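Q: The following block contains a protein sequence and its predicted model.
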Amino acid sequence: MRKYKLTNKLATLIEQDVYERWLHRKALVHVKRDRNRGNTSATNESYKIAIHKAVCESGGKDAYTKEKLDWSLLSKYNNEQSKKHGRYYKKQFALLPSVDHVGDGTGEAGFKICSWRTNDAKNDLSYFEFVELCKKVVNAANRVAG
């Protein structure tokens, strides 16, 4: 039996082997980043567990927008194509599932799954800072439209 088995719903969207390779790579990247931030307790195993938990809890949707993520995009991004075609290429990956830190990465592993677009927009903001920014954008748009 697999340790990081996908839920039935997600198993229809992505192959288990592709998912496990993605999970492994994401854990490595986040562990490296957090160790550089001083988190000496960060381990690949604890991060895999936390990321997998977030994936299962996501139900395949962005944690912030509730948009359905495109799991078929896992492991499809090509850096060379991105350099060649810029934002036009990147736009195709807006709903690519990505791993968002909950917290600053210096404590216990905690993550949410969201689209690459959402994660890019959120950047290093906390959830509440991100919501406040979104409110400002909507308020400004309403003033322009009104």
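A: Received, thanks.
Q: Asp124: what secondary structure?
A: Of the three states, Asp124 takes coil under DSSP: H, G, I helix; E, B strand; the rest coil.
Q: So for this structure, which residue is the most central one in space?
A: Ser98 (2.0 Å; C-alpha atoms, centre = their mean).
Q: helix, strand or coil for that one?
A: Ser98 ends up strand, using three-state DSSP.
Q: Beyond the helix ranked longest in the chain, next helix or strand please.
A: Assignment by DSSP state H gives helix 16-36 as the longest helix of the chain. Per DSSP states H and E, the first helix or strand lying C-terminal to helix 16-36 is helix 44-58.
Q: taking the mean pLDDT, what do you get for the host helix or strand of Val138?
A: According to DSSP H and E, Val138 maps onto helix 127-145. In this model, helix 127-145 carries a mean pLDDT of 93.
Q: cool, stretch 14-27 as well?
A: The pLDDT scores in stretch 14-27 average 95.
Q: If you count neighbours, what's buried in it?
A: By 16 or more other C-beta atoms under 10 Å, the buried positions in stretch 14-27 come out as 14, 19-20, 22-23, 26-27. (C-beta placed from N, C-alpha, C; glycine too.)
Q: from the chain's centre, how far out does that stretch sit?
A: On the basis of C-alpha atoms, centre = their mean, to the nearest Å, stretch 14-27 sits 13 Å off its chain's mean C-alpha point.
Q: what does it contact?
A: The contact list for stretch 14-27, computed with C-beta atoms under 8 Å, 6 or more residues apart in numbering, reads 2, 4-6, 10, 44, 47-48, 51-52, 55, 71-72, 74-75, 99.
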